[in-house]
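J.: Quick one: sequence plus predicted model below, questions after.
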Amino acid sequence: MPLHGKGMLIVLCEVKPRDERDLNEWYNREHIDERVNLPGFHRARRYVAVRGNPKYLATYECDTVDDLATKGYLHLLANQTEWSRSVMARFTKFTRLTLRIQADRTHGVGGAVAVVRFTPDPRARKSLLAWLTDTALPRAIARPGVVGGFAGENDLDVAHAPLAEKSMDLPRADEAEWAVVLEGSDAGAVGAAARAAFTLPKLKPYGVIAAPTVGTYRLLFGNQR
């Protein structure tokens, strides 16, 4: 089964240990359900790190990345619930990616994911996408314990929409970061596949100059409609 749409919001966050119980209760009892029921949204899942940071990862699948910049969605960001404001004020790390899905080779649902993040040269976008589609993802998915994967590009116009609407205080990104997510039955397997497939030497032809970040996560909770 492919992703539920061509857009995705990825959030990586962390709080102090004393705030983790409230963070997890908020995600599981309010936030995931609230987002899943928004127009254009279909499925949300959240994970905890096995290796890497930030500690918590959440993914939200929607019809298109533009669902993350509608007036209704931006209004919601500007008018969070009291519980949301309380939890988010305690974030010690917070990264938000609004992905336009470029390659989707997902298959079913696995219990663990590896997330690879890197920033390529925009001029190499076409060749990067060809490599991801024809070589990197198929080879990674063929490894034992990996069931699927996808790649997405952070859409800067959508990412900056909350800033334009003054609905969230977010750092402005100047370069389009990419994320590759491998999904499988075991965190060790997807992590090993990600670290083997997405090394800096393999990414350098596409203008990547800094080593990619790789984190592995196990599933905590999800919901869909």
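T.: Ah, there it is.
J.: What ranges does this protein have for its strands?
T.: Using DSSP state E, the strands of the chain run over 7-14, 41-51, 56-62, 93-105, 112-118, 146-154, 178-184, 213-224.
J.: Can you list the strands that the third one pairs with?
T.: The pairing partners recorded for strand 56-62 under DSSP bridges are strand 7-14 (antiparallel), strand 41-51 (antiparallel).
J.: Of all these, which one comes closest to Thr95?
T.: When the strands paired with strand 56-62 are compared by Cβ to Cβ, strand 7-14 sits nearest Thr95, at 4.4 Å. Placement of C-beta: from N, CA and C, glycine included.
J.: quick revisit: possible to save the strands of the chain as CSV with mean pLDDT, mean neighbour count and distance to Ala197?
T.: Shown next, in CSV, are the strands of the chain (pLDDT from 0 to 100; neighbours: other Cβ atoms under 10 Å; distance: least, Cβ to Cβ, whole Å):
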stretch, mean pLDDT, mean neighbour count, distance to Ala197
strand 7-14, 98, 22, 19
strand 41-51, 98, 20, 16
strand 56-62, 98, 24, 19
strand 93-105, 97, 19, 12
strand 112-118, 98, 24, 8
strand 146-154, 98, 23, 9
strand 178-184, 98, 25, 8
strand 213-224, 98, 18, 10
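J.: Let's have these in JSON lines, adding distance to Thr135.
T.: Below are the strands of the chain laid out as JSON lines (distance: least, Cβ to Cβ, whole Å):
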{"stretch": "strand 7-14", "distance to Thr135": "22"}
{"stretch": "strand 41-51", "distance to Thr135": "25"}
{"stretch": "strand 56-62", "distance to Thr135": "24"}
{"stretch": "strand 93-105", "distance to Thr135": "11"}
{"stretch": "strand 112-118", "distance to Thr135": "15"}
{"stretch": "strand 146-154", "distance to Thr135": "12"}
{"stretch": "strand 178-184", "distance to Thr135": "12"}
{"stretch": "strand 213-224", "distance to Thr135": "18"}
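J.: now for the strands paired with strand 56-62, which one comes closest to His107?
T.: strand 41-51 (14.9 Å).
J.: Ok, which of the strands paired with strand 56-62 comes nearest Leu156?
T.: Per Cβ to Cβ, nearest to Leu156 of the strands paired with strand 56-62: strand 7-14, 14.2 Å.
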